[in-house]
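K.L.:
can't give you the sequence, but here's the structure:
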């Protein structure tokens, strides 16, 4: 959620370089922390003999999605159509919705990983 707030804030201060740089750097730190957490969960979701392959495939799909689909939809459709702030609000709303979906995933804490 903090990532969404920071990126919307970034669009509000684009004209002020110092503030824009600070907002995007903070966004990067928050985003990297979230990715590290996600990687931990992802690797625990696969059996030991498939863990490296499963994690690699999940990482590949995530990176391709970010590289192509998000760039195309966000940069090519949303940003020009609704403007930068509203585009980030749409993406932030989707991220918040995905957090509710994450609550449906199985809990791995305290379980023996095979």
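P.N.:
Cool, the structure landed. Since we're looking at a predicted model, the values are computed, not measured.
K.L.:
secondary structure class for the closest residue in space to residue 54 that isn't next to it in sequence?
P.N.:
Once flanking residues are discounted, residue 54 sits nearest to residue 46: 3.5 Å by CB to CB, 6 or more residues apart in numbering. In this view, the C-beta of every residue, glycine as well, is placed from N, C-alpha and C. Under DSSP: H, G, I helix; E, B strand; the rest coil, residue 46 falls in the coil class.
K.L.:
Pull the number of nearby residues for residue 61.
P.N.:
Residue 61 has 10 neighbours, counted by other CB atoms under 10 Å.
K.L.:
Quick check: it vs residue 33, distance?
P.N.:
Here residue 61 is placed at a distance of 21 Å from residue 33 (CB to CB, to the nearest Å).
K.L.:
same check, this time on residue 83
P.N.:
Distance from residue 83 to residue 33, by CB to CB: 28 Å.
K.L.:
repeat for residue 24
P.N.:
15 Å.
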